[in-house]
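Q: model this:
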Amino acid sequence: MMETLTSRDNPTLKLLYQLGRERKARAASQLMLCEGLTLLSEALESGVAPSHVVLSQESTLGIDVPPQTRVIYVPEQLIGWLSPLETSQGLLFTTPLPSLTLPDFTKGQFLVLDRLQDPGNVGSIIRTACAMGITGVVLTADCADITNPKTIRATMGTIFRQQVSQGQAADIWNALATSQIPCYTTGMKQEAQQITRAALQHCAVLIGNEGQGLSEYWLTKVPHMLTIPMKGQCESLGAAVAAALVMWEMSKLC
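A: Numbering: from 1, shown residues only. Coordinates of the predicted model:
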């Protein structure tokens, strides 16, 4: 279904504008805003049908979308207005929000992110998890919003393929404890076990906030800590880098 819209006052364009900037708008509509032909291709290949596709009147879509998708052409200047990113990709689309139901922890390998605030970090970790064959990435409720356009962009389309869940810390812990899956925190304590010496075949590993690390809640619940050996003089690694190294070790036993 193709149509042309030209006014910022149009209700559909107003909604798309809000989706790129307001979490409450995404929650209310159960839609998220994505950007770029690469992400659209990834969504379609993953079986995710876009609800809207928006591009300028001067552009050609050049890709088949489901017949129920609303293909909307707008003036060039409205593309820049709709886009929440500094540099627009020239094409926007919406998809239904992903299901964030907690997974079955009895099978597979999981990464749990606690209070990560940077959308780029969260997106990069999801992308790396997909590459490393990690079963699921689980976010505590106070992590950066995975439906934020910056998070989605950082995933490079893996948001449509990687299992991602989110929940309150207590609910995540209850599910982990019920499944009896081995759990590990990460940190710099001297008594922590080096990740290269741990058997991480079926487990859940927790990565903490970029500056503060894991919350006391997790440190009291999970007694086993992993550490990444470093040869140089460095206090710590960034959350995304630490997560990548942990997942690399986990992937060796997949």
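
Q: Gln162 versus Pro103, what's the distance?
A: 11 Å (C-beta to C-beta, to the nearest Å). From N, CA and C alone the C-beta is placed, and that goes for glycine too.

Q: and those two? Which one has more around it.
A: Each of Pro103 and Gln162 has its neighbours counted (other C-beta atoms under 10 Å); Gln162 has more, 21 against 17.

Q: in this structure the more buried one contacts Ile126, no?
A: Yes - counting by C-beta atoms under 8 Å, Gln162 does reach Ile126; the two are 5.3 Å apart.

Q: I figured Cys130 was touching Arg161, is that so?
A: Yes - Cys130 lies in contact with Arg161 (C-beta under 8 Å); the separation is 5.8 Å.

Q: which one's more surrounded, these two?
A: Each of Cys130 and Arg161 has its neighbours counted (other C-beta under 10 Å); Cys130 has more, 21 against 17.

Q: same question for the helix or strand hosting that one, mean pLDDT?
A: Here Cys130 sits within helix 119-132, counting by DSSP states H and E. Averaging pLDDT along helix 119-132 yields 98.

Q: list the buried residues for that helix?
A: For helix 119-132, a neighbour-count test (16 or more other C-beta atoms under 10 Å) marks 119, 121-130, 132 as buried.

Q: pairing partners for the helix or strand just after it, with directions?
A: Scanning forward in sequence from helix 119-132 by DSSP H and E, the next helix or strand is strand 136-140. Note on strand 136-140: by DSSP bridges, its sheet partners are strand 110-113 (parallel), strand 163-167 (parallel).

Q: rounded mean pLDDT for the longest one, please.
A: Averaged across strand 163-167, pLDDT comes to 97.

Q: now it and helix 119-132, what's the angle there?
A: Going by axes from the mean of the first three to the mean of the last three C-alpha atoms, to 10 degrees, strand 163-167 is angled at 140 degrees with respect to helix 119-132.

Q: for Pro66, give me its contacts.
A: Counting by C-beta atoms under 8 Å, 6 or more residues apart in numbering, Pro66 makes contact with 49-50.
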